[in-house]
Structures are given as C-alpha cells and as structure tokens.
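Visitor: sequence plus the predicted model coming up.
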Amino acid sequence: MPSRPGVDALLNELAASPDDAALRARAAQSLTKLGRHREAVELLRDRFVNLTAHDGPTLPCLCRRCLKPDLGETHAQDMDFARCFVVAHGRVLYYWAPSELADDPGISRSVGARLAARLA
C-alpha cells in the first residue's frame, strides 16, 4: 500500500481530533492521491452524509447505495475520469472529473462553493 510522508501524520492527527471535518477531508484527499480509495471513502463515510444523487448509465453511480469504494478511476466515451469529492456542512458530494482536470483546485473550489451555498 503506497504511503507518503504526511498521510500517516494526518491520520494520527485525525485520530486525536475525529470531529475535525477539514482535517478529515484533507486526510481523505491524501489517501485518494495515493490510490487508497477505499480508505478515503471510509473516512468520509464515517462522519459525512453522501448527498450524491443516483445517476447513470454513462459513468458508475456515486450515490450512497451504488458507490464502489475501491473504484477511483473509470473510462467512458473515450475519456478517463477520476472520482473526486467535496465536503460542506457535514455532507460529502462525489463527482467524476476528467482525469486531466481532477487535481485542478479551481474545479473542487467551484463545486465546493456551490455545495456550501446550497446547504447554507
């Protein structure tokens, strides 16, 4: 299982502060970047409600019932996609982004701001 300096520290810090939503999201992001998708989903599932609506058929559905924790990437319509997420107000929203844009902070900021505004 890949590791990186910092992810273990984040997980230890989270163990000491399990209610810190921002720390939980950072730890899940770090795990996702390492390909540890199941662990990331479990961290989020532990404290956040999945708001993702049931969807399909082009890309795998990311709703609570259908979400496959180990599936972090997929291919559809001649494109590669990465599973991304944002958190706000105790909720998590998963979405597929084209792989080349998955690490773009502008996309996650935009989706996160929209989610926060809708929940406010």
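Guide: Perfect, I can see it now.
Visitor: per-residue confidence at the residue most central in space within the chain?
Guide: By Cα atoms, centre = their mean, the chain has its centre lying nearest to residue 85, at 3.3 Å. Confidence at residue 85, expressed as pLDDT, is 97.
Visitor: that one: which element?
Guide: Residue 85 is part of strand 79-88, with elements assigned from DSSP states H and E.
Visitor: could you check how far the residue nearest to the centre of the chain is from residue 21?
Guide: Distance of residue 85 to residue 21, given as Cβ to Cβ, to the nearest Å: 13 Å. Heads up, the C-betas are built off the backbone N, CA and C, glycines and all.
Visitor: how about the helices in the chain?
Guide: Secondary structure of the chain by DSSP state H: the helices cover 7-16, 21-33, 37-47, 105-119.
Visitor: a markdown table for the ones you listed, including mean neighbour count, distance to residue 79 and mean pLDDT?
Guide: Below are those laid out as a markdown table (neighbours: other Cβ atoms under 10 Å; distance: least, Cβ to Cβ, whole Å; pLDDT from 0 to 100):
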| stretch | mean neighbour count | distance to residue 79 | mean pLDDT |
| --- | --- | --- | --- |
| helix 7-16 | 13 | 29 | 94 |
| helix 21-33 | 19 | 19 | 95 |
| helix 37-47 | 19 | 19 | 96 |
| helix 105-119 | 13 | 15 | 94 |
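Visitor: between these, which one is closest to residue 65.
Guide: Minimum separation from residue 65 across the helices of the chain (Cβ to Cβ) falls at helix 37-47, 12.4 Å.
Visitor: any idea of the angle the closest one forms with helix 7-16?
Guide: 20 degrees (axes from the mean of the first three to the mean of the last three Cα atoms, to 10 degrees).
Visitor: from the chain's centroid, how far away is helix 37-47?
Guide: 8 Å (Cα atoms, centre = their mean, to the nearest Å).
Visitor: could you do stretch 104-120 as well?
Guide: 13 Å.
Visitor: restrict that stretch to CA atoms and write it as PDB.
Guide: Provided in PDB are the C-alpha atoms of stretch 104-120 (Å, rounded to 0.1, in the frame of the first residue of the first chain):
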ATOM      1  CA  ASP A 104      -7.400  21.300 -10.600                       C
ATOM      2  CA  PRO A 105      -8.100  23.200  -7.400                       C
ATOM      3  CA  GLY A 106     -10.400  25.500  -9.200                       C
ATOM      4  CA  ILE A 107     -12.900  22.800 -10.000                       C
ATOM      5  CA  SER A 108     -13.100  21.500  -6.500                       C
ATOM      6  CA  ARG A 109     -13.300  25.100  -5.100                       C
ATOM      7  CA  SER A 110     -16.200  25.800  -7.500                       C
ATOM      8  CA  VAL A 111     -18.100  22.500  -6.800                       C
ATOM      9  CA  GLY A 112     -17.400  23.000  -3.000                       C
ATOM     10  CA  ALA A 113     -18.600  26.600  -3.100                       C
ATOM     11  CA  ARG A 114     -21.800  25.600  -4.900                       C
ATOM     12  CA  LEU A 115     -22.500  22.800  -2.500                       C
ATOM     13  CA  ALA A 116     -21.900  25.100   0.600                       C
ATOM     14  CA  ALA A 117     -24.200  27.800  -0.900                       C
ATOM     15  CA  ARG A 118     -27.000  25.300  -1.500                       C
ATOM     16  CA  LEU A 119     -26.700  23.900   2.100                       C
ATOM     17  CA  ALA A 120     -26.400  27.300   3.800                       C
END
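Visitor: cool, thanks, signing off.
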